[in-house]
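A.B. asks: I'll drop the sequence and a predicted model, then ask my questions.
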Amino acid sequence: MPDGLTTTQTAARGKGRPKVADTAAPSLVELLNLIRAADPTTRQELERKSELGRAVVADRLTMLADLGLIDESETGTATGGRAPRLVRLAARRGRILVATLDQTALGVGVADLAGNLLTEHHEEFELNAPPEMLADRLTTLLRWSLDRQSSPAGLWGISLSVPGTVPGTEGDFLTRTPPAVPAWEGFPLVEQLTRSFGAPVWMRSSVDTMTMGELHAGAGQALSSMLFVKIGRRIGAGIVSEGRLYRGAQGATGLIGALPVHLGDRTGTLDTMAGSDMVLREGRHVAESGRSAYLADHLRRGGEITALDVAQAAQMGDEACTEILTTSGRLIGQVVATLTNTLNPELIVLSGAIVQTNDIMLAAVREAVYGASHPLVTRDLRIIRSQMGSSAGLVGAARAAAELLFAPTFLKDWVMQGSPLNHPGFIAFRGSLDLAPPPPPQSPPPRKGAP
Amino acid sequence: MSISGLGPHGERAAPPERVSLLPEDGAAAKARGFRVAVVLHTLDSDWAQQLLSGMVGTFGDCGTAVTHVIDCAFSPDAQVRALDSLLAQRPDAVISLPVANEEVALAHARLAEAGIKLVLLDNAPTGLLPGRHYGTLVSADNFGLGKIAAQGLSAHLPQGAEVGLMGYAADFFATNERELAFAKWLRAHRPDVTIRQDSFGRIDEAARRTEAMLVAYPDLAGLFVVWDTPALKVAEVLRRQLRQIPIATVDLGEEVAIGLAQGSPFVVIAAQQPYLQGVAAAQTTILTLLGRPTPGWIALSGIAVTRENVVESYQRIWRRPAPQSVLHAVGLIR
């Protein structure tokens, strides 16, 4: 940022008169968020929406342009007079590193400040592995992703999508690792990432991020109500109402996997009765008993059965596997029907490797939801599979970070410095990490220059 | 089938059998008389020719005309122009190998918006989604290819060796996967090995980058190059400098096969199956055009080729006898 904005003007100003920096910040915050919400927009639109005077808007836009936060190089379409200048967020000014940590996979990517994903990579990883291994692989892949993007834009934040609810995320950025995954108990993942990359870290549940990803870049674009259902070992739901993710009091919404369901004389939670562990367990059973010719053949060839094999066998027409997925789909559908009658969504999106591998589970969920819902609720309802896969989590993590970066309470303290890395709270946090003893060495030690 | 990697959106791979055609599919396609265009990164490689062979033959069986085969010469601009020109030609479907990421994403999306079905090969630009912008991505298990290369090269590396990884500078799904998997395998199984990494933006840069790498790290004891055409440039540098450094690469091109049979400099090849990939891509296209559901990602497993199995691997991959020089080098003819 140009130093003159603060230092020179401060020196020349009379005693008792407020600094421009102090008075300008609220209007800068307001204008920047108006620009983000209607990207691109025009000066006239900003004057109308902000109710600020033309001179003030012009002055603040000049300041934002000097800080490198907006771009006014394009012109729009003329509607009579001179073509208006378009005002855009300078989305490529900074980059956000994103990662999804799933039970069996790790995804990483780079996004711009508008939350658009620029690159991504996914690979298998068991989340039950020691946290040191996770931190090592995550750091390696995030570093590789940054290097892959030959951009001068600095890193402005890291946003993680993790399974399960993330408690303790109040505040501007994370200063400690929330107990989101039992295996991380006491492991300073957030602190390590902040120390390694010098950028603030955020964390959200994967259901939250995937719902946001689907809403902003997937089938939910431009919709005001949507239900997102993630089916894996755990089954969770994300709720979109009035175009926004509903997060509840503690961010613990949509925990439908904990609801009791009944199948014949058996009762259990939806997770245990319909999740991927049930698909795997039943799949092994029909493979070993020979009821599934496809899976029995897989076993004979020395293959290990996975839930995905069961889903693929069902797709290939195997009767026993079709039955397993139908049972799971119907149980999930019953619970989703209750939510559907309560929330009246325009769209239900099912996500997760099993449902994305075959059509049987989707059909069973549809049957249960349409059969148990009020006709008014299902009249225009669409139930589809996610087209985004794990990319939804990365896009959603990027959108979450962008929202937090530009949240008025956080933005007001960094906007005049031109970068969130200069936020006083973040500088103080980095300072405290530098004073703290370094974490124990990882094994094996990371090597420079190799992914 | 054993697939190591995940798809561009984290998808689990579907096997090529998922898109097998039934006799009625072939008959339905013949009745419709589809027109298909193919847009490739290059036509100037054994891999591309073999892929086309599998693809065009399968389309022929289904009464589908291949109306355009376009060589983009690895140029994003050329690919954008090619795709935009196809908008006017309005083929029923386009099979494309996107040569870059962001630079070509919108041009591919424009095809989908125009109602032209799109099937991708080897790379899915970020932001393009299966089922929305394209039907299916058909690729090799590139993560698996990287692992095969690392495992094969590892046997030739002394304790504490330095290895050069010559990657591709473009943000390209297939080569990214190979590079990451190669390094990941060594890190996990050969923690004593140090990897020195560089990349080339164009094939003709590979030699210069290798020369620089050899100056910076004169003790390199092995090299991995992410595919065979640049690997030949690297081998040429080693030959000129009279350096005996084992090389691992991807794709069993003819010259590479000869080097492998002679035992130097190539010691392991992680081979794709381009003919079968071409068949799978054509079958996927036919099913997409018939309105049948297809998986988001179909992956074909790689083949580990060494001097010991180079002849049968060559026949399996290229569907023709191995060259005389290969047969001679392994002692099958005099």
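C.D. replies: It's in. The structure displayed is predicted, hence computed values, not measured ones. Numbers count the residues shown, from 1 in each chain, chains lettered A, B, ... in the order given.

A.B. asks: any weak-confidence spans in the chain?
C.D. replies: By default, I'm working from chain A. Low-confidence segments of chain A (pLDDT under 70): A:1-22, A:168-171, A:436-451.

A.B. asks: Switch to chain B, please.
C.D. replies: In chain B, residues with pLDDT under 70: B:1.

A.B. asks: what's near enough to touch the closest residue to chain A within it?
C.D. replies: In chain B, the residue that lies nearest chain A is B:G10 (2.8 Å; CB to the nearest CB). For the C-beta atoms, the positions are set from N, CA and C on the backbone; glycine is no exception. For B:G10, the contacting residues are A:T100, A:D102, A:A105, A:G107, A:H122, A:G389, A:S390, A:S391, by CB atoms under 8 Å, 6 or more residues apart in numbering or on different chains.

A.B. asks: can we see that at 10 Å?
C.D. replies: A:100, A:102, A:105-107, A:120-124, A:353, A:356, A:388-394, B:296-297 (CB atoms under 10 Å, 6 or more residues apart in numbering or on different chains).

A.B. asks: Would you mind checking those for buried ones?
C.D. replies: Applying 16 or more other CB atoms under 10 Å in any protein chain shown to the contacts of B:G10, the neighbour count classes A:100, A:102, A:105-107, A:120-123, A:353, A:356, A:388-394, B:296-297 as buried.

A.B. asks: Return the subset of the residues you listed lying in helices.
C.D. replies: Using DSSP state H to define helices, the subset of these located there is A:A353, A:Q356, A:S391, A:A392, A:G393, A:L394.

A.B. asks: of the residues you listed, closest to chain B?
C.D. replies: Using CB to the nearest CB, A:S391 is the member of those that lies nearest chain B, at 4.3 Å.

A.B. asks: is it true that the closest one touches B:P125?
C.D. replies: No: using CB atoms under 10 Å, A:S391 makes no contact with B:P125, being 12.0 Å away.

A.B. asks: Show me whatever sits in contact with both of these two.
C.D. replies: The contact sets of A:S391 and B:P125 overlap at B:P8 (CB under 10 Å, 6+ apart).

A.B. asks: In the stretch 301-450 of chain A, what residue comes closest to chain B?
C.D. replies: Closest point on the stretch 301-450 of chain A to chain B, by CB to the nearest CB, is A:S390, at 2.8 Å.

A.B. asks: related to what we said a few turns ago, check the gap between the residue of chain B closest to chain A and B:V250 for me.
C.D. replies: Distance of B:G10 to B:V250, given as CB to CB, to the nearest Å: 23 Å.

A.B. asks: right, and A:T253 touches A:Y246 too?
C.D. replies: Yes: contact criterion CB under 10 Å: A:T253 and A:Y246 qualify, at 6.0 Å.

A.B. asks: For the one residue in the stretch 101-250 of chain A that gets nearest to chain B, give its distance to A:V98.
C.D. replies: Relative to chain B, the nearest point of the stretch 101-250 of chain A is A:H122 (3.7 Å; CB to the nearest CB). A:H122 sits at a distance of 12 Å from A:V98 (criterion: CB to CB).

A.B. asks: Give the residues shared as contacts by those two.
C.D. replies: Taking CB under 10 Å, 6+ apart as the criterion, A:H122 and A:V98 both touch A:G107, A:V108, A:G109, A:G393, A:L394.

A.B. asks: excluding its backbone neighbours, what's nearest B:R132?
C.D. replies: Nearest in space to B:R132, with sequence neighbours left out and distances taken as CB to CB, 6 or more residues apart in numbering or on different chains, is A:Q387 at 4.9 Å.

A.B. asks: neighbours around that neighbour, how many?
C.D. replies: 21 (other CB atoms under 10 Å in any protein chain shown).

A.B. asks: Ramachandran coordinates for it?
C.D. replies: Note on A:Q387: backbone dihedrals following degrees, to the nearest 10 are phi -90, psi -10.

A.B. asks: Hmm, it is touching A:V349, no?
C.D. replies: Yes: between A:Q387 and A:V349 a contact is recorded at 8.9 Å, counting by CB under 10 Å.

A.B. asks: joint contacts of those two?
C.D. replies: Common contact partners of A:Q387 and A:V349 (CB under 10 Å, 6+ apart): A:E214, A:G218, A:A219.

A.B. asks: Would you verify that the first one is located in a helix?
C.D. replies: Which is A:E214. Yes: secondary structure of A:E214 (DSSP: H, G, I helix; E, B strand; the rest coil): part of a helix.

A.B. asks: Surely it and A:S386 touch.
C.D. replies: Yes: counting by CB under 10 Å, A:E214 touches A:S386, with 6.0 Å between them.

A.B. asks: shared neighbours of these two, anything?
C.D. replies: A:G220, A:F228, A:V349, A:S351, A:A392.

A.B. asks: near chain B, from those?
C.D. replies: A:A392 (CB under 10 Å from any CB of the partner chain).

A.B. asks: Which neighbouring residues are in contact with the residue of the stretch 301-450 of chain A closest to chain B, exactly?
C.D. replies: A:S390 makes contact with A:100, A:102, A:105-107, A:109, A:120, A:122, A:161, A:206, A:210, A:213, A:351-353, A:356, B:6-11 under the criterion CB under 10 Å, 6+ apart.

A.B. asks: Now do the phi/psi pair for the closest residue to it other than its chain neighbours.
C.D. replies: Excluding the flanking residues, the one nearest A:S390 by CB to CB, 6+ apart is B:G10, at 2.8 Å. Dihedral angles of B:G10 (phi, psi; degrees, to the nearest 10) stand at phi 80, psi 10.

A.B. asks: swap in B:V66?
C.D. replies: phi -90, psi 110.

A.B. asks: picking up where we left off before, compare the shared contacts of A:Q387 and A:V349 and tell me which has the most neighbours.
C.D. replies: With neighbours defined as other CB under 10 Å, the most crowded of the shared contacts of A:Q387 and A:V349 is A:E214; it has 29 neighbours.

A.B. asks: residues in contact with that residue?
C.D. replies: Per CB under 10 Å, 6+ apart, neighbours of A:E214: A:220-221, A:223, A:226, A:228, A:238, A:240, A:347, A:349, A:351, A:384, A:386-388, A:391-393, A:395-396.

A.B. asks: Give me the buried subset of these.
C.D. replies: Looks like these have A:220, A:226, A:228, A:238, A:240, A:347, A:349, A:351, A:384, A:386-388, A:391-393, A:395-396 buried, using 16+ other CB under 10 Å.

A.B. asks: pretty sure A:A38 contacts A:S50?
C.D. replies: No: between A:A38 and A:S50 there is no contact under CB under 10 Å: 11.5 Å.

A.B. asks: Could you check which of those two has the larger neighbour count?
C.D. replies: The neighbour comparison of A:A38 against A:S50 (other CB under 10 Å) goes to A:S50, with 16 against 13.

A.B. asks: Can you tell me the SS state at A:G109?
C.D. replies: strand.

A.B. asks: and it, how many neighbours?
C.D. replies: Neighbour count for A:G109, taken as other CB under 10 Å: 28.

A.B. asks: Just list whatever residues bridge to it.
C.D. replies: Judged by DSSP bridges, the bridge partners of A:G109 are A:V98, A:E120.

A.B. asks: Quick one: residues contacting it.
C.D. replies: Contact analysis of A:G109 by CB under 10 Å, 6+ apart lists A:96-100, A:117-122, A:141-142, A:145, A:149, A:159, A:390-391, A:393-395, A:397-398, B:126.

A.B. asks: let's go with 7 Å and repeat that
C.D. replies: By CB atoms under 7 Å, 6 or more residues apart in numbering or on different chains, A:G109 lies in contact with A:V98, A:L117, A:T119, A:E120, A:S145, A:L394.

A.B. asks: which bits of the stretch 1-150 of chain A sit near chain B?
C.D. replies: By CB under 7 Å from any CB of the partner chain, the residues of the stretch 1-150 of chain A that approach chain B are A:A105, A:G107, A:L117, A:L118, A:T119, A:E120, A:H121, A:H122, A:E123, A:E124, A:W144, A:R148.

A.B. asks: between those, which is nearest A:R234?
C.D. replies: Among the residues of the stretch 1-150 of chain A next to chain B, A:A105 lies closest to A:R234 (CB to CB), at 14.4 Å.
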